[in-house]
Each structure stands twice: as structure tokens, then as C-alpha cells.
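# sequence first, then the predicted structure, then my questions.
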Amino acid sequence: MKKLKNYEVWFITGSQHLYGEKTLLEVAEHSKEIAKGLSKSPNIPIKVVFKPVLTTPDSIYDLMLEANNSKTCIGLITWMHTFSPAKMWIAGLKVLQKPFVHLHTQYNRDIPWSKIDMDFMNLNQSAHGGREFGFICTRMKKSRKVIVGYWKDEKVQNKLAIWMRAAFAWQDAQGGKIARFGDNMREVAVTEGDKVEAQLRLGYSVNGFGVGDLVKYVTTITDKEIDTLISEYQDRYIIAAEAAIGGSKHSDLREAARIELGIRQFLEDGNFTGFTTTFEDLHGLKQLPGLAVQRLMADGYGFGAEGDWKTAALVRAMKIMSVGLNGGASFMEDYTYHLDPSGMKVLGAHMLEVCESITAGKPGLEVHPLSIGGKDDPPRLVFNVPAGPALNVSLIDLGNRFRMILNEVDVVLPDEELPKLPVARAVWIPKPDLEIAAESWILAGGAHHSGFSQALTAEYIEDFAEIAGIELLQIDDSTKMSEFKKEIRWNTVSYS
Ligand code: MN
């Protein structure tokens with residue numbers, strides 16, 4: 001999994017020559033202090049690097065090119081300590097390819113009421129300098145996040161940290177690689193899409209491989225490698241008697257281990273960041289990969305079932321955004337409803353492929369028949385997801401563009417034990433309630449597959465969609481049907 005500490009965000013300050021050498025030195029000192037302060041803050045997950053104060057169109061342009069070319073810079077924090085006439089920024093902003101945030105802060109938190117003079121006023125000009133910069137960004141239709149407040153405030157730093165994680169996921173998507181084993185589940189619509197447009201717009205490539213290419217890897221796995229992995233399973237999971245050594249289905253577990261090792265090697269050799277499978281094309285594989293998918297997702301790979309490459313890339317992005325946070329991220333599907341009017345809820349699961357990063361407990365490892373596909377019984381991890389806030393996100397292709405849909409939900413514990421349900425599952429109450437949430441989701445065209453996370457909040461997804469320049473429809477406590485319908489109509493015009 002990629003590490004945040006290997007990357008950096010550049011802190012750049014706008015000013016102009018008008019103020020003279022002395023003031024500019026002061027501006028630089030203050031900028032250094034802020035960059036250092038942010039970098040050292042426990043709220044900020046990534047290194048913040050000070051860059052010399054920008055006072056000319058040429059220096060701005062050169063810095064933007066440098067940022068574009070840097071492999072470690074994932075984005076820019078822009079700050080206008082003083083006034084920086086914004087025509088100077090046009091050439092630079094025109095070529096900038098990296099995401100940026102406009103930190104609308106001030107070096108001094110408070111107005112020094114009894115001491116304030118014109119020197120103070122001329123140095124602390126963010127209030128109007130930030131507006132000049134904002135105008136040119138808006139005029140140039142530049143996607144960015146604007147954060148307002150004092151730079152030492154936890155609230156401001158947390159908003160900045162969220163943007164940094166979204167920028168990190170964006171950086172990861174650029175050049176990201178999704179492998180598809182087999183094609184789509186036949187006749188399914190929402191998992192299809194324009195892979196060329198995805199690469200142009202979102203940065204990652206999606207390519208198909210015959211299952212035979214994967215089987216070649218699987219068949220080279222040795223018994224010794226399988227033994228080692230089985231002992232890892234024994235440490236990590238509660239293995240059901242039939243799957244344990246000596247049990248009637250232990251051979252199925254050994255086969256699952258073989259498949260996991262084969263897929264892992266394939267993905268590592270090709271530097272892939274995510275993958276898809278489909279139960280309709282398993283030629284040469286003895287079972288549908290279940291346990292393998294669950295464990296590979298836990299290691300950071302994006303995944304989508306039934307050929308769903310858009311969700312695979314989305315899950316990967318959500319995993320990258322949530323690196324080091326509590327809560328995990330997984331492929332998910334709205335499976336079945338509880339429509340009791342006194343407490344409607346959704347049971348989310350999949351045939352097998354739910355990531356173990358979203359459970360708090362020790363998963364059970366069981367082997368059961370798969371009711372479709374006609375293959376051997378696949379092992380799978382079985383667990384509940386702990387109660388707490390979460391979200392589901394969907395990415396769809398509307399034919400001429402992509403749309404993201406997000407629904408905030410509250411995970412609750414199942415009303416009763418589920419002794420006969422042999423898959424990992426989450427039970428949730430969507431916000432504002434199931435009726436409005438499902439009606440909105442369906443009108444928006446949201447898929448049955450989604451990326452699910454208890455680590456992320458809506459703001460992460462909002463920042464990611466902003467960086468990507470794609471539409472985001474959000475369903476939460478404030479959603480009203482009449483307004484949501486209008487938003488869909490207006491967005492259709494706005495984004496077409
Ligand atoms: Mn599915």
C-alpha cells in the first residue's frame with residue numbers, strides 16, 4: 001500500500017513587489033512558519049514544503065511547471081498573505097495539472113485593536129488578497145477547495161487533511177492500473193462504461209486478461225507456499241471445523257489459498273492497483289475467488305465483482321484516502337431490505353467479496369456452496385460490520401460523462417443473529433431514511449454496487465469529485481425529494 005510519508009504538498013504564497021524588500025522578507029518568514037507549523041501538526045498527514053514567495057508571472061509559471069513535473073508533489077496549498085494581482089496567475093494556472101487548495105487564512109489570528117496601524121494593514125491582507133485570487137480561479141473555471149479560518153485551528157487543519165487525502169487518491173489514480181479477469185456479467189448495464197473516457201478523465205487504465213493468463217500463475221503455486229498461507233489463516237481467522245486441517249472441505253481451503261497466491265503474484269508483477277472477476281468466466285479456476293478477493297482488498301487493492309471496473313477503481317481510491325484511518329473500505333452491494341415501517345433498513349453484502357478491513361472482530365472462515373456458477377464450494381470470511389456512521393458511493397457512466405452518488409448511512413447491528421447467512425454483511429439505515437435515500441439513489445441512476453467506508457466522510461468524496469471535475473450527488477439528512485429532483489435536472493444542464 002502506498003505511504004503518505006513518501007509524498008508532499010507544496011505551500012505557495014502570492015504577493016507582489018510593490019511592498020518592498022523588507023515586507024517581502026517578512027511575508028516569506030510568515031509563510032515558512034505556517035508551512036512548518038502545518039507540516040508538524042499531528043492533524044496533517046503529509047509533509048508540507050515551503051516554496052519561495054511568488055511575486056511575478058514568470059516565477060508563478062515556473063513553479064507550476066515544476067509542480068507538474070514533480071513525482072512527489074501531490075498538490076499545492078495556495079495562500080495570499082498580501083494582495084497578489086491575479087493576472088500574474090493566469091499563465092501559471094493555465095498549465096497547472098496538480099490539484100490545489102486555496103487556504104484563505106491570515107498569519108495573525110486577531111486584530112490587535114489597540115496597536116493596529118497601516119503597516120499591519122498592508123501586511124495582513126488575506127481578506128482582500130484571497131478574493132482577487134478567488135476571482136481569477138473562478139473566471140478560469142479552476143476546480144479547487146477553499147478553506148477559511150485560522151491556520152492553527154484544528155477545524156481548518158482537518159479540512160486540509162481531508163483534501164490532502166483526496167489529492168493522494170487522485171495522484172494514485174493517475175497511471176493506476178485495473179486488471180479485469182474476464183469481461184462483464186452478461187447483459188448487466190451499470191457495470192459497463194467508457195474505459196477510454198475513464199482514463200482521460202480519471203487517470204487509470206482498465207485492461208482485460210483471459211482467465212487462462214491468471215490460471216498460469218495459479219498452477220505454479222507450490223504446496224509449501226500454500227502451507228505457509230494456511231498457517232496465516234489459522235492465526236488470523238476462526239476456521240470452521242470442515243475447513244480446518246483434516247476437515248471434509250480443507251481441500252477447498254487449500255485451493256482458495258492457491259488462487260490467492262496466484263492472483264497476488266499476477267497483480268504484483270503487473271503493478272496493478274485493482275481488479276475485477278466474474279463468476280460467469282472462471283475457466284480453469286476451480287472456485288470463484290472469495291477469500292482471495294477479501295484479503296487482497298484488505299491489502300489495498302480495489303475490487304469490483306462481475307467485471308465492475310468503475311467500482312474497483314472507486315474502492316481503490318477510498319482505500320488510498322483512508323490509509324492509516326480507522327474504519328476500512330470495501331466493495332459492497334445493497335442486497336436485501338427490511339421494510340418494517342417502524343425501522344426500515346438495508347442488509348449489504350455480496351456473494352463473497354466483502355473486505356475484512358470493515359470488521360472490528362476476528363472473522364470466521366467457512367466453506368459453503370455457491371448457489372450460482374456451478375463451481376466448487378468457495379471459502380469466505382464471515383463477519384458483521386460494527387455500528388457507526390458510514391457511507392456508500394457509486395460511480396456511473398451516463399454515456400457522455402461520469403456521475404458520483406453518495407449516501408450517508410448509519411450502520412446498526414442486525415436485529416437478530418444470522419446463523420444461516422454464510423457471508424460478511426453490514427446492516428444500515430440510510431440517511432435521511434430508506435424511502436428517500438433509495439428513491440434518490442435510483443433517480444440518480446446509482447448502481448447496486450458501491451464503495452463502502454466507515455473511515456471516510458462525505459467531505460473526502462466531495463473533494464475527490466471536485467479534483468476530478470465530475471458531478472457528485474449527495475444524499476444525507478438534508479435531502480428532500482423535490483429539491484433532489486431539481487438538482488438532478490439542473491446538473492444535467494450544468495455538466496452536459
Ligand atoms: Mn454484484
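Arrived safely, thanks for sending.

# where do the helices sit along the stretch 351-496 of the chain?
Here the stretch 351-496 of the chain has its helices, by DSSP state H, counting those that start in this stretch, at 434-444, 458-468, 481-495.

# repeat for the stretch 1-150 of the chain
21-40, 57-69, 90-95, 118-123, 126-139.

# residue 391 and residue 457 touch, don't they?
Yes: using Cβ atoms under 8 Å, residue 391 and residue 457 qualify as a contacting pair, with a distance of 7.2 Å. From N, CA and C alone the C-beta is placed, and that goes for glycine too.

# please say which of the two ends up with more neighbours.
Neighbours were counted for residue 391 and for residue 457 using other Cβ atoms under 10 Å; residue 391 has more, 27 against 15.

# for the residue of the stretch 151-300 of the chain found nearest the ion, give me the pLDDT.
Among all residues of the stretch 151-300 of the chain, residue 185 sits closest to the ion, at 7.4 Å; criterion: Cβ to the ion. Listed pLDDT for residue 185 reads 95.

# isn't it up against residue 306?
Yes: here residue 185 reaches residue 306: they are 3.6 Å apart, a contact under Cβ under 8 Å.

# other residues contacting stretch 330-339?
293, 297, 303-305, 311-312, 315, 344-350, 353-355, 357-358, 392, 415, 425-427, 434, 448-453 (Cβ atoms under 8 Å, 6 or more residues apart in numbering).

# separate out the buried members of the residues you listed.
293, 297, 303-305, 311-312, 315, 344-350, 353-355, 357-358, 392, 425-427, 434, 448-453 (16 or more other Cβ atoms under 10 Å).

# near the ion, list only the ones from those residues.
residue 305 (Cβ under 5 Å from the ion).

# thinking again about what came up before, list the contacts of the residue of the stretch 151-300 of the chain closest to the ion.
The neighbourhood of residue 185, defined by Cβ under 8 Å, 6+ apart, consists of 191, 278, 279, 280, 306, 307.

# in TSV: those, plus secondary structure.
Shown next, in TSV, are those (DSSP: H, G, I helix; E, B strand; the rest coil):
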residue	secondary structure
191	coil
278	coil
279	coil
280	coil
306	coil
307	coil
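
# near the ion, which residues of this structure?
305, 333.

# lowest-confidence helix or strand of the chain?
Lowest by mean pLDDT, DSSP states H and E among the helices and strands of the chain is helix 118-123, with a mean of 92.

# and it, how far out from the chain middle?
42 Å (Cα atoms, centre = their mean, to the nearest Å).

# what comes up buried for it?
Neighbour-count burial for helix 118-123 [16+ other Cβ under 10 Å]: residue 123.

# other residues contacting it?
19, 23, 26, 27, 81, 82, 107, 108, 112.

# buried ones from those, can you make that a PyMOL selection?
Buried subset of the contacts of helix 118-123, written as a PyMOL selection, criterion 16+ other Cβ under 10 Å:
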select buried, resi 19+23+26+27+81+82+107
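
# ok, the residue nearest the centre of the chain - contacts?
By Cα atoms, centre = their mean, the chain has its centre lying nearest to residue 318, at 2.3 Å. Neighbouring residues of residue 318 by Cβ under 8 Å, 6+ apart: 169, 329, 393, 451, 453, 456, 460.

# next structured bit after the host helix or strand of residue 268?
Per DSSP states H and E, residue 268 falls inside helix 250-269. As assigned by DSSP H and E, the chain's next helix or strand after helix 250-269 is strand 274-276.

# which elements pack onto that next one?
strand 177-181, strand 302-304, helix 309-321 (3 or more Cβ pairs under 8 Å, 6 or more residues apart in numbering; DSSP states H and E).

# circling back to that earlier point, which strands and helices lie in contact with the helix holding residue 268?
So helix 250-269, by 3+ Cβ pairs under 8 Å, 6+ apart, packs with helix 211-219, helix 223-236, helix 291-298, strand 364-367, strand 379-382.

# kindly export that helix (C-alpha atoms) in PDB.
Below are the C-alpha coordinates for helix 250-269, written out as PDB (Å, rounded to 0.1, in the frame of the first residue of the first chain):
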ATOM      1  CA  HIS A 250     -10.000 -28.500   3.800                       C
ATOM      2  CA  SER A 251      -9.000 -29.200   0.200                       C
ATOM      3  CA  ASP A 252     -11.300 -26.300  -0.900                       C
ATOM      4  CA  LEU A 253      -9.400 -24.000   1.500                       C
ATOM      5  CA  ARG A 254      -6.100 -25.100   0.100                       C
ATOM      6  CA  GLU A 255      -7.400 -24.300  -3.400                       C
ATOM      7  CA  ALA A 256      -8.500 -20.900  -2.200                       C
ATOM      8  CA  ALA A 257      -5.000 -20.300  -0.900                       C
ATOM      9  CA  ARG A 258      -3.600 -21.300  -4.200                       C
ATOM     10  CA  ILE A 259      -5.900 -18.900  -6.000                       C
ATOM     11  CA  GLU A 260      -5.000 -16.100  -3.600                       C
ATOM     12  CA  LEU A 261      -1.300 -16.600  -4.100                       C
ATOM     13  CA  GLY A 262      -1.700 -16.700  -7.900                       C
ATOM     14  CA  ILE A 263      -3.800 -13.500  -8.100                       C
ATOM     15  CA  ARG A 264      -1.400 -11.700  -5.800                       C
ATOM     16  CA  GLN A 265       1.600 -12.600  -7.900                       C
ATOM     17  CA  PHE A 266      -0.200 -11.600 -11.100                       C
ATOM     18  CA  LEU A 267      -1.200  -8.200  -9.600                       C
ATOM     19  CA  GLU A 268       2.300  -7.600  -8.200                       C
ATOM     20  CA  ASP A 269       4.000  -8.500 -11.500                       C
END
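
# that helix vs helix 211-219, what angle?
Following axes from the mean of the first three to the mean of the last three Cα atoms, to 10 degrees, one obtains 110 degrees for the angle between helix 250-269 and helix 211-219.

# may I see the buried residues of helix 250-269?
250, 252-267.

# wait, residue 4 sits on residue 74?
No: checked against Cβ under 8 Å, the pair residue 4 and residue 74 is beyond contact range at 9.2 Å.

# show me the contacts for the residue in the chain sticking out farthest from the centre.
Distance from the C-alpha centroid of the chain, by Cα atoms, centre = their mean, peaks at residue 114 (47.9 Å). Residue 114 makes no contacts at all, as judged by Cβ under 8 Å, 6+ apart.

# ranges for the strands of the stretch 301-450 of the chain?
Ranges of strands in the stretch 301-450 of the chain, per DSSP state E, counting those that start in this stretch, are 302-304, 329-338, 345-349, 364-367, 379-382, 388-397, 402-412, 426-430, 449-453.

# report all helices and strands that the shortest one contacts.
Where contact means 3+ Cβ pairs under 8 Å, 6+ apart, strand 302-304 is packed against strand 274-276, helix 291-298, helix 309-321.

# rerun that using 10 Å as the cut-off
When contacts are defined as 3 or more Cβ pairs under 10 Å, 6 or more residues apart in numbering; DSSP states H and E, strand 302-304 packs onto strand 177-181, strand 274-276, helix 291-298, helix 309-321, strand 329-338, strand 449-453.
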